[in-house]
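Asks: Just a sequence and a predicted model for now, questions to come.
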Amino acid sequence: MIRSLFTAAALFASAGTLAADTLKMAVTTSFHNSGLSDVLLPEIQKDLGLEVQLIVVGTGQAIRLGEAGDVDAILVHSRKAEEKFLEGGYGTHRREIMYNDFVLVGPSDDPAKIATTKTAKDALIAIAEGQAPFASRGDDSGTHKMEIALWTTAGIDEAQRSPSWYNEAGAGMGATLNTAAGLNAYALTDRASWLNFGNKQSLTLLFSGDPVLFNQYAFLPVSPDMHPHANTEAAMKLETWLTSARAADLINSYAINGETLFTFNADRMLKVAE
């Protein structure tokens, strides 16, 4: 009987140790599609002994998973949504990790002539006026939130985005780019996903460089006050690693065809939950 109790206790302790070495993190499809996770995760496991289990979704769904306590941390790219998450008490703080930019891709013959426009606003106006095919994520992701903000700035509301030319994929970045390739349509994408996308067909990068297309990724641990089961210790270990010189080197050196996909900028904590 004593031996059985000892064995049960040992198994319980072992399970607890295993849980402490595992972290669930919701990440955006754009981060995953970039291929960077395939570089970082093995190094995290090697350096920390920490298994990071990714739940790959759009930013909106990632935040909802964090709010529900279904993950221990989120890595997303929509600052307004992130700040709302913190204001609701669901996260402990927001830490910037890295950035890239959004770009507009489309048919190589560029029927809307967006390659000659000077701003993202002008590019979207040209697409709408020409009713050129456009593929939208349509999934409440960070990329979709950015796209809707750009349409709003351009003065083109939902009613003006006719289904005859505006197509909502309701899917991740890779699937949306496949839709764009199939329709020979324009699309907004993060640069990393575009560079790692293999089915470009006649699509090409046509517009970039507007400062409004800046794309920041941030790490937010789930609050243990809201969700006591959250693996906060592992989340903080991961944050320390993600903001280290080791992570900086891996992130800054990750390139496809000689082009860097992300720039490390984890130099400060922007917001701490009150």
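Replies: Arrived safely. Numbering: from 1, shown residues only.
Asks: Show me what Leu188 is bridged to.
Replies: Leu104 (DSSP bridges).
Asks: quick one: pLDDT of it?
Replies: At Leu188 the predicted local distance difference test score is 97.
Asks: what sits against it?
Replies: 102-104, 136-137, 143, 146-147, 150 (Cβ atoms under 8 Å, 6 or more residues apart in numbering). In short, each C-beta sits where N, CA and C put it, glycine included.
Asks: Same check on His77?
Replies: Contacts of His77 (Cβ under 8 Å, 6+ apart): 28, 30-31, 59, 142-143, 190, 215-218.
Asks: before we move on, the earlier item: just put the contacts of Leu188 in CSV and tack on secondary structure.
Replies: Output for these, formatted as CSV (DSSP: H, G, I helix; E, B strand; the rest coil):
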residue, secondary structure
Phe102, strand
Val103, strand
Leu104, strand
Ser136, strand
Arg137, coil
Thr143, helix
Met146, helix
Glu147, helix
Leu150, helix
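Asks: ok so, going back, quick one: which of the contacts of His77 sit in strands?
Replies: When DSSP state E is applied, those are split such that 28, 190, 215-218 fall in strands.
Asks: List buried residues within the residues you listed.
Replies: 28, 190, 215-218 (16 or more other Cβ atoms under 10 Å).
Asks: low-scoring stretches of this protein, by residue?
Replies: 1-20, 268-274 (pLDDT under 70).
Asks: all helices of the stretch 101-250 of the chain, in order?
Replies: Counting by DSSP state H, counting those that start in this stretch, the segments of the stretch 101-250 of the chain that form helices are 120-130, 142-153, 173-183, 191-195, 232-242, 245-253.
Asks: between the ones you listed, which gets nearest to Lys84?
Replies: helix 142-153 (11.5 Å; Cβ to Cβ).
Asks: For the closest one, list the C-alpha coordinates in CSV.
Replies: Below are the C-alpha coordinates for helix 142-153, written out as CSV (Å, rounded to 0.1, in the frame of the first residue of the first chain):
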residue,chain,number,x,y,z
GLY,A,142,-4.1,41.0,-37.8
THR,A,143,-3.6,41.1,-41.5
HIS,A,144,-7.4,41.4,-42.1
LYS,A,145,-7.6,44.1,-39.4
MET,A,146,-4.9,46.1,-41.2
GLU,A,147,-6.6,45.6,-44.5
ILE,A,148,-10.0,46.9,-43.2
ALA,A,149,-8.2,49.9,-41.6
LEU,A,150,-6.6,50.7,-45.0
TRP,A,151,-10.0,50.5,-46.8
THR,A,152,-11.5,52.8,-44.2
THR,A,153,-8.7,55.3,-44.7
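Asks: what comes into contact with it?
Replies: Helix 142-153 is touched from outside by 28, 30, 58-60, 76-78, 80-81, 102, 120-121, 124, 136-138, 157, 161, 173, 188-190, 212-213, 215, with contacts defined as Cβ under 8 Å, 6+ apart.
Asks: how about a cut-off of 7 Å?
Replies: 28, 30, 58-59, 76-78, 81, 102, 120-121, 124, 136-138, 161, 173, 188-190 (Cβ atoms under 7 Å, 6 or more residues apart in numbering).
Asks: In it, which residues are buried?
Replies: Under 16+ other Cβ under 10 Å, the buried positions of helix 142-153 are 142-148, 150-151.
Asks: of all the contacts of Leu188, which two lie farthest apart?
Replies: Going by Cβ to Cβ, the pair spanning these furthest: Val103 and Ser136, at 15.0 Å.
Asks: that older thread, make a markdown table from the contacts of His77 and add distance to Ile256 to it.
Replies: Below are these laid out as a markdown table (distance: Cβ to Cβ, whole Å):
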| residue | distance to Ile256 |
| --- | --- |
| Thr28 | 18 |
| Ser30 | 14 |
| Phe31 | 15 |
| Thr59 | 23 |
| Gly142 | 21 |
| Thr143 | 19 |
| Asp190 | 13 |
| Asn215 | 17 |
| Gln216 | 20 |
| Tyr217 | 17 |
| Ala218 | 23 |
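Asks: Of the residues you listed, which is the nearest to Gln45?
Replies: The closest of the contacts of His77, once distances to Gln45 are taken by Cβ to Cβ, is Phe31, at 17.5 Å.
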